[in-house]
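# Okay, structure incoming, though there's no sequence with it:
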Ligand SMILES: *Cc1c(COP(=O)(O)O)cnc(C)c1O
């Protein structure tokens, strides 16, 4: 494949939302006009200097951007001579990178004159970030969530409600994320004149993979400048965890044209059999799901397979179409990390650096530690996508006896 990475962000995806064969918008006819409206609005409003300046101000004054790049000297020393750095997205307001695109989507909704934000959530992280954005912009917020997930994720349900969002329990099927997506889509279909649908990662039908990526690239553009200021050069390698693929896309895309190795890290959970992991690129096949064409994990009937990871933000049976594309192009390498390796990294970073990472981010830290051991020299920049407070209860219950 002959890809010009210098002009990549302008040229990919194409107008129909395709990155090569991946992407697109596989949606019911009733929704085509609604998605076109969002795409048109994105292409005009978000390129205006008024929008850009307002988003810049929000990022600085409300989100606390730029987030720092931090040199983990003690963690690096404990391994060898390769130097590990972290882009501290855990210090973003509300504790993770997700607010980067939720504030962008919220601001776009306001400019479009919409009154309500609609979304689904699995573990609740996207729901909390979107409820935060809705409160900031004075918009209504409706979050669809499987009844099973509502029981499991009580603290995030409480956060959404405190922030003023309406949490709609989804009571059909398996009552988890997949049904929540269907329910949110149905609600959006009824209300698309007044509402906008907000996706939580670089997944779903066009224009979401492009829009969410563009809002997240603030991470990589900041990090590139900060790293050069600190060291006088670019990092030798980038590492980020891949669930749907938004925090990784945000860090990676501004470095595509550079001589930098790029590694996306998938969750291998507790084993390599279907149902034990969520390593969509490592073990997936081409297919269409949730309105877009990508690589996905299928069961023996060809349906989306059950997935598992101790990091609930990573357990998605597919991946953003741009990742499928850049995997095929060979520009990004995809590796995996098990639950156990992630837990080890969770404690290493906490104890050597005083930073408690989210279990999702711990997957990236774990792979960076492996890479540092292999490389022996050079520098590695990790996207620390979120903080670990949300995971403390689980970690203590499951691993407290071993580590505490
Ligand atoms: C949701 C989440 C992820 C995974 O989502 P991506 O779209 O792959 O970035 C990773 N880290 C944290 C902290 C999350 O909340």
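Great, that's in hand. Quick caveat, the model's predicted, so the values are computed rather than measured. Numbering: from 1, shown residues only.
# For the chain, which segments count as strands?
Counting by DSSP state E, one finds strands in the chain at the ranges 18-19, 22-23, 69-72, 83-88, 116-121, 140-146, 166-170, 195-197, 237-241, 261-267, 285-289, 292-296, 333-337, 379-384.
# just those strands: most buried one?
Greatest average neighbour count among the strands of the chain goes to strand 237-241 (a mean of 29), per mean count of other Cβ atoms under 10 Å. Where C-beta positions appear, they are placed from N, C-alpha and C, glycine not excepted.
# and that one, what does it pack onto?
helix 246-252, strand 261-267, helix 359-375, strand 379-384 (3 or more Cβ pairs under 8 Å, 6 or more residues apart in numbering; DSSP states H and E).
# Including mean pLDDT and distance to residue 308, could those go into a markdown table?
Listed next are these as a markdown table, based on pLDDT from 0 to 100; distance: least, Cβ to Cβ, whole Å:
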| stretch | mean pLDDT | distance to residue 308 |
| --- | --- | --- |
| helix 246-252 | 98 | 20 |
| strand 261-267 | 98 | 8 |
| helix 359-375 | 98 | 13 |
| strand 379-384 | 98 | 23 |
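# between those, which gets nearest to residue 149?
Proximity to residue 149 (Cβ to Cβ) singles out helix 359-375 among those, at 16.4 Å.
# of all the residues in the stretch 201-350 of the chain, which ones are close to the ligand?
Residues of the stretch 201-350 of the chain lying close to the ligand by Cβ under 6 Å from any ligand atom are 201, 241, 242, 243, 244, 245, 246, 247, 248, 313, 314.
# one step back: closest to residue 47 out of the strands of the chain?
Taking Cβ to Cβ, strand 195-197 is the member of the strands of the chain nearest to residue 47, at 18.0 Å.
# Break this protein into its domains for me.
Segmentation of the chain into domains, based on automatic domain parsing, reads 33-59+98-213, 64-95+216-403.
# Pick out the residue closest to the middle of this structure.
When the chain is reduced to its mean C-alpha position, the nearest residue by Cα atoms, centre = their mean turns out to be residue 246, at 3.2 Å.
# Grab the nearest non-local neighbour of it.
Spatial nearest neighbour of residue 246, chain neighbours left out: residue 201 (4.3 Å); criterion: Cβ to Cβ, 6 or more residues apart in numbering.
# Would you confirm that that neighbour contacts residue 241?
No. Residue 201 sits out of contact with residue 241 when judged by Cβ atoms under 8 Å, with a separation of 11.7 Å.
# quick one, helices of the stretch 51-200 of the chain?
According to DSSP state H, counting those that start in this stretch, the stretch 51-200 of the chain carries its helices in the segments 73-77, 99-111, 125-137, 147-152, 154-162, 177-191.
# which residue does the stretch 251-400 of the chain bring closest to the ligand?
Across the stretch 251-400 of the chain, no residue is closer to the ligand than residue 386, which sits at 2.5 Å (Cβ to the nearest ligand atom).
# list the contacts for the closest residue to that residue other than its chain neighbours?
Nearest residue to residue 386, sequence neighbours excluded (Cβ to Cβ, 6+ apart): residue 96, at 3.2 Å. By Cβ atoms under 8 Å, 6 or more residues apart in numbering, residue 96 lies in contact with 89, 90, 125, 129, 247, 358, 385, 386, 387.
# For residue 40, the count of nearby residues, please.
Per other Cβ atoms under 10 Å, the neighbour tally for residue 40 reads 12.
# Same question for residue 396.
Neighbours around residue 396, by other Cβ under 10 Å: 12.
# My understanding was that it contacts residue 388; is that so?
No. The criterion here is Cβ under 8 Å, and residue 396 misses it with residue 388 at 11.2 Å.
# quick one: pLDDT of the residue lying closest to residue 22 once chain neighbours are set aside?
Among residues not flanking residue 22 along the chain, residue 321 sits closest, at 3.6 Å (Cβ to Cβ, 6+ apart). On the pLDDT scale, residue 321 is placed at 98.
# give the contact list for residue 321.
Each residue near residue 321 by Cβ under 8 Å, 6+ apart is listed here: 13, 18, 19, 22, 23, 24, 202, 203, 209, 292, 293, 294.
# With residue 277 instead?
With contact set as Cβ under 8 Å, 6+ apart, residue 277 has these partners: 266, 267, 268, 269, 270, 271, 283, 307, 308, 309, 336.
# again, 6 Å this time
Shown in contact with residue 277 (Cβ atoms under 6 Å, 6 or more residues apart in numbering): 268, 269.
# swap in the one 4 residues further on?
Contacts of residue 281 were listed using Cβ under 6 Å, 6+ apart, and they are 295, 319, 327, 334.
# And it, how far from residue 172?
Applying Cβ to Cβ, to the nearest Å, the value for residue 281 to residue 172 is 30 Å.
# sorry, back to before: am I right that the residue of the stretch 251-400 of the chain closest to the ligand is in contact with residue 88?
No. Residue 386 is beyond contact range of residue 88, at 10.2 Å (criterion: Cβ atoms under 6 Å).
# correct me, but residue 20 touches residue 325?
Yes. Residue 20 lies in contact with residue 325 (Cβ under 6 Å); the separation is 4.8 Å.
# Specify which residue of those two has the higher count of neighbours.
Between residue 20 and residue 325, counting by other Cβ under 10 Å, residue 325 is the more crowded of the two (23 against 18).
# if I look at the more buried one, how far off is residue 267?
For residue 325, the distance to residue 267 equals 21 Å [Cβ to Cβ].
# can you check residue 12 too?
The spacing between residue 12 and residue 267, counted by Cβ to Cβ, is 26 Å.
# go on, residue 144?
Look at residue 144 and residue 267: by Cβ to Cβ, they are 24 Å apart.
# near the ligand, which residues of the stretch 1-150 of the chain?
Residues of the stretch 1-150 of the chain lying close to the ligand by Cβ under 6 Å from any ligand atom are 96, 98, 125.
# Let's see that with 8 Å instead.
Residues of the stretch 1-150 of the chain lying close to the ligand (Cβ under 8 Å from any ligand atom) are 89, 90, 95, 96, 97, 98, 123, 125, 126.
# Which among the residues of the stretch 201-350 of the chain next to the ligand count as buried?
Burial by neighbour count, 16 or more other Cβ atoms under 10 Å: within these this picks out 201, 241, 242, 243, 244, 245, 246, 247, 248, 313, 314.
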